[in-house]
Structures are given as structure tokens and as C-alpha cells.
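**Student:** Please find the sequence and the predicted model below.
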Amino acid sequence: MSTNSSISESTAHLLILGMGGTIAGLAPKPEENPLQYEAGKVGVDALVAQVQSVVPEGVKLVSRQLENINSRNLTDAHLTDLGLTVRKALLEAAVKGIVITHGTDTIEETGLFLQVTCGKLAQTQSKRVILTGAMLPSNAPGADGPSNLLDALRWASTSIDNCPGGIYAVMDGRGCMALDLAKRHATALNAPLQDAPTSSVGLINPSWLSGVKAVQAAWNEDLPIPGAGDWPWVEILTSHAGARPETIAHWLKTPVQGFLVAGTGHGGFHDDWAQPLHQAMTQGIALVRTTRTGAGATLRNIPEVDPAGCCASGALTAPRARIALQLALNAAKQANKAGKPLTWQDFFARIADLPEIR
Ligand code: ASP
């Protein structure tokens, strides 16, 4: 981890954490083919230097490179490091807000992770944590990174429309709660916001703000951040035409701890998976159902009665529900160690039952 700053860290500042991604990407032939590039090549200090002269007056910036990766390679350990860094920074008086530059491929996972582990702290500290990224590499003509970073810095530093402390994301001139962010298009500049309820970065709209407050009112307590080597192993399995029982049987021979079944329609799975999934649950493997359709909620006992112990994901997509299940399994383990008889289902339900803004 390196820190780049021309100011003392005790001076009030915004902290910019660099994780990599296309926003830090470089294309060898940007004019000819801007979409052929390598992510995570430019340091966060250089990204900040590009916008430094236009940030609102008086706002001091400190940048810190946590990683410089293509976010498709994001690991559990990266999330642990990011979460612990964000928590520590939220508690520092000099840090007035945090911006995270991140790859868009897995920004969905990181958004949910930060909401569930740092969301309450950000709210009670009245500080905004804002994820941003880009769809075009930093040297492409019309690169979107600088304007996204500038919008994120502006949003993190101002009190526009009383938007409370919390975990947000900014792309393409719009902001949303980070837990609503998901990449839904391969190339569009607003890809990570395509189906998120958003508000214009410069003008928070009241109905969106009341949705934010409803989510925050329902989120009472942050869950623990798993240690780098303590994340439970959870796999996403997609049900499809021609699904075979051998797929599940294969996993039963591994130490996997949870399955996130991305099912068809309401989140149902192929009948040929019923017996091996039942066997999985008997072996103590956690089971959550979601829908592979990309929209709509997956509800308990719809369309059929769920096997005992199986949870439905609510509005959580498969990547979000996978992180939620990992955090729920870890939280239950910690709670049990502390003598509290809470189950992973108790923790998972808290995340899956958060109100939808839409
Ligand atoms: N593959 C890149 C990443 O997620 C895509 C992006 O940042 O837009 O790091």
C-alpha cells in the first residue's frame, strides 16, 4: 500500500483509494482500438493529478494505492483489505469522505460488501464512501474516468441536498447506493448503473433520497469483515436446460460451504438437482436460491415450498447474494463463538430483506 500526498494526513481531506480497473487502464493504440487495453496500469496518484486543478476550492486530496488490478481478479483478501481500510479511515477525524476507484466488472460485489460491513459506520460518521470507475481506459479519446472521478470527489466533499453519510457509487453523471450498482452492459458508459435507481450527482431527487433513508433505517448493524483467509467458500451454480446431477455431486466432494443457485424464472432449479442439493444441505452446505433472469425478486416458497433451511435471495442478484452468504456464514460463526445462537439464515435475511428503493 502506498500513500501519495502533498499535504499532512492530519489536515482535513478526502481519501482516494485506488483499486485499479479500466479507470486506471492503458490502451496501446487508443485512437485505433480503445477497447483493447490493460486494466490497472496507471497509479491512483496520476488519476488524481488529472483532476486536481478542477476539484472544488479548499478540498485537499490524499491518494492511496491499495491494489492496481483488473477487478475480474478481485479476491476475498482484497475485500478484507479494502473493508478494513475504509473502516479505519471512516474513524479518522481528518478524513471527510472516501472515493474508491475500482474496476466495473466486480464493482457490484464490492458495493454490497461495503454496504453490509461499513454502511452503518459511514452513516453514523456522516461520511460518504463513493465507488467509481470507467468504461474507457485512461488514455482513450473521451475517457470517462476523469469526469467520474471528479463527480465522485464533488459528491464526497459537498453537502448537496443533505445526502447522508453512506456507501454510494457514481458513474456517468449519476449516483446510486452502491448496493444497487451492477454492470448490466458490456460497453455502455453507464453500464454499471443501467438498472439502478439513481439521482443526478448535482441534484439529489427527493424520492431517491427517501429510498436511501429507508434502506439506512433498516440497516442497524454492520457485519464483521472476514479475515483474509476466513472467507467461507461459496459457489454460484446456474440451473439451465440439460442441468446434470453430476455437477452438484462433483461439488459434494469438495469443502465448499455454500451454494448460490442462480435458478430459472422465480429462482427454481432443475428437478435433477433436487436430490443432490438435498444431500448438500444434509452435509451442512448452505443453500440460497436466486434468479438468473437479471431482474425481479426471488421469494421464499415461490413457486414451490423451499426445502427447510434454504433461503431466497430477495432482490439480491447472484453476485451480491454470494457475497451476502459469505458474510452471513462468517457472522454466524463469530456470533456462535460469542455464545449468541444466531444462524447464517438470520444474518442473510437481514441483507436480503433490505427495502428496495424502486
Ligand atoms: N475489466 C475491468 C475491471 O473490472 C473493467 C472495468 O473496469 O470497466 O477492472
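**Tutor:** Here it is on my side, so go on.
**Student:** measure the closest residue to residue 74 other than its chain neighbours to residue 182 for me?
**Tutor:** Closest residue in space to residue 74, ignoring its immediate chain neighbours: residue 106 at 4.6 Å, by C-beta to C-beta, 6 or more residues apart in numbering. Glycine gets a C-beta too; all of them are placed from N, C-alpha and C. Separation of residue 106 from residue 182 (C-beta to C-beta, to the nearest Å): 10 Å.
**Student:** Need the three-state assignment for the one residue in the stretch 201-350 of the chain that gets nearest to the ligand.
**Tutor:** Of all residues in the stretch 201-350 of the chain, residue 319 sits closest to the ligand, at 12.5 Å by C-beta to the nearest ligand atom. Classification of residue 319 by DSSP: H, G, I helix; E, B strand; the rest coil places it in helix.
**Student:** what stretches of the stretch 1-150 of the chain score poorly on pLDDT?
**Tutor:** 1-7 (pLDDT under 70).
**Student:** ok, now the stretch 251-358 of the chain?
**Tutor:** Filtered on pLDDT under 70, the stretch 251-358 of the chain yields the residue ranges 358.
**Student:** could you pull out the helices for it?
**Tutor:** 274-282, 318-337, 344-352 (DSSP state H, counting those that start in this stretch).
**Student:** hang on, the earlier thing: was I right to think the residue of the stretch 201-350 of the chain closest to the ligand contacts residue 110?
**Tutor:** No - using C-beta atoms under 8 Å, residue 319 is not in contact with residue 110, being 10.1 Å away.
**Student:** Quick check, central residue of the chain?
**Tutor:** In the chain, the centroid-proximal residue (C-alpha atoms, centre = their mean) is residue 111; its distance is 2.0 Å.
**Student:** and that one, what element?
**Tutor:** Residue 111 is part of helix 107-124 when elements are defined by DSSP states H and E.
**Student:** Could you check the angle that helix makes with helix 344-352?
**Tutor:** Interaxial angle of helix 107-124 relative to helix 344-352 (axes from the mean of the first three to the mean of the last three C-alpha atoms, to 10 degrees): 80 degrees.
**Student:** Next secondary structure after helix 107-124?
**Tutor:** Next element after helix 107-124 (DSSP H and E): strand 128-132.
**Student:** Now do that next one: which elements does it pack against?
**Tutor:** With contacts defined as 3 or more C-beta pairs under 8 Å, 6 or more residues apart in numbering; DSSP states H and E, the packing partners of strand 128-132 are strand 95-101, helix 107-124, helix 145-157, strand 166-171.
**Student:** Please list all residues in contact with the residue of the chain found nearest the ligand.
**Tutor:** Proximity of the chain to the ligand (C-beta to the nearest ligand atom) peaks at residue 103, 2.1 Å away. Neighbour list for residue 103: 19-23, 39-40, 69-72, 74, 133 [criterion: C-beta atoms under 8 Å, 6 or more residues apart in numbering].
**Student:** and what of residue 277?
**Tutor:** By C-beta under 8 Å, 6+ apart, the neighbours of residue 277 are 248, 259, 261, 269, 287, 307.
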